[in-house]
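Engineer: Next input, structure requested:
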Amino acid sequence: MLNTFVVYVEDKPGVLTRVASLFRRRAFNIDSLTVGRTEKQGVSRMTIVVDTDETGARRLEAHLYKLINVLLVENVTAEAAVYRELAMIRVTATAAQRSHIMDLVEVFRAKVVDVSPDSMMIEITGTDDKIDGLLHVLEGYGVLEMVRTGRVAMRRGAKAANGASAGTDSAEAAPASGTISYSV
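Structural biologist: Numbers count the residues shown, from 1 in each chain. Just a heads-up that it's a prediction; the model follows:
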């Protein structure tokens, strides 16, 4: 089962190496890993996707907390969350094929970001299934190159990560009663 961990770490050199080495030493294969800055200066957010069972996920979480520079670890797998991934795909496109490819791009709510005489570059953001679906229909045209960012995740609703957000008042952070968050 794929488990998605959101790990808040100090933004310092060597932190990524220490986290990745932990997974290597424990013989866990990282399915995807994304890292970026957060709204709080000096804090980075890692989204790590690992194929493991519930016991392995609990062990990984405990081991992550033992690392210096790790501030907070959340396993958002069983929580209401929004998952997204970005992909750029270069596909063979003759002049006659361009309109067909552009129709497919529109159906998947993707966009063409570059056109050359013999190819097109498409950018798509969405779930793994959505990106895989577009790739499947583009295979007939000839996929020349593809790059994917890996999964990013954010819990739904107004609840911020404990201790990782910039100082908000507890009254401000409390969700309104009956608040529902919908994803587009």
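Engineer: And stretch 71-86, what's buried?
Structural biologist: For stretch 71-86, the neighbour count (16 or more other C-beta atoms under 10 Å) marks Leu71, Leu72, Val73, Glu74, Asn75, Val76, Thr77, Ala81, Tyr83, Arg84, Glu85, Leu86 as buried. Quick note: C-beta positions are derived from backbone N, CA and C, even for glycine.
Engineer: can you put those residues in a markdown table and add pLDDT and distance to Asp31?
Structural biologist: Output for these, formatted as a markdown table (pLDDT from 0 to 100; distance: C-beta to C-beta, whole Å):
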| residue | pLDDT | distance to Asp31 |
| --- | --- | --- |
| Leu71 | 97 | 23 |
| Leu72 | 97 | 21 |
| Val73 | 97 | 17 |
| Glu74 | 95 | 17 |
| Asn75 | 96 | 14 |
| Val76 | 95 | 15 |
| Thr77 | 94 | 12 |
| Ala81 | 92 | 16 |
| Tyr83 | 94 | 12 |
| Arg84 | 96 | 15 |
| Glu85 | 96 | 11 |
| Leu86 | 97 | 16 |
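Engineer: longest helix anywhere in the chain?
Structural biologist: For the chain, the helix with the greatest residue count under DSSP state H is helix 54-66.
Engineer: after it, next one along is what?
Structural biologist: Counting by DSSP states H and E, the next helix or strand C-terminal to helix 54-66 is strand 70-75.
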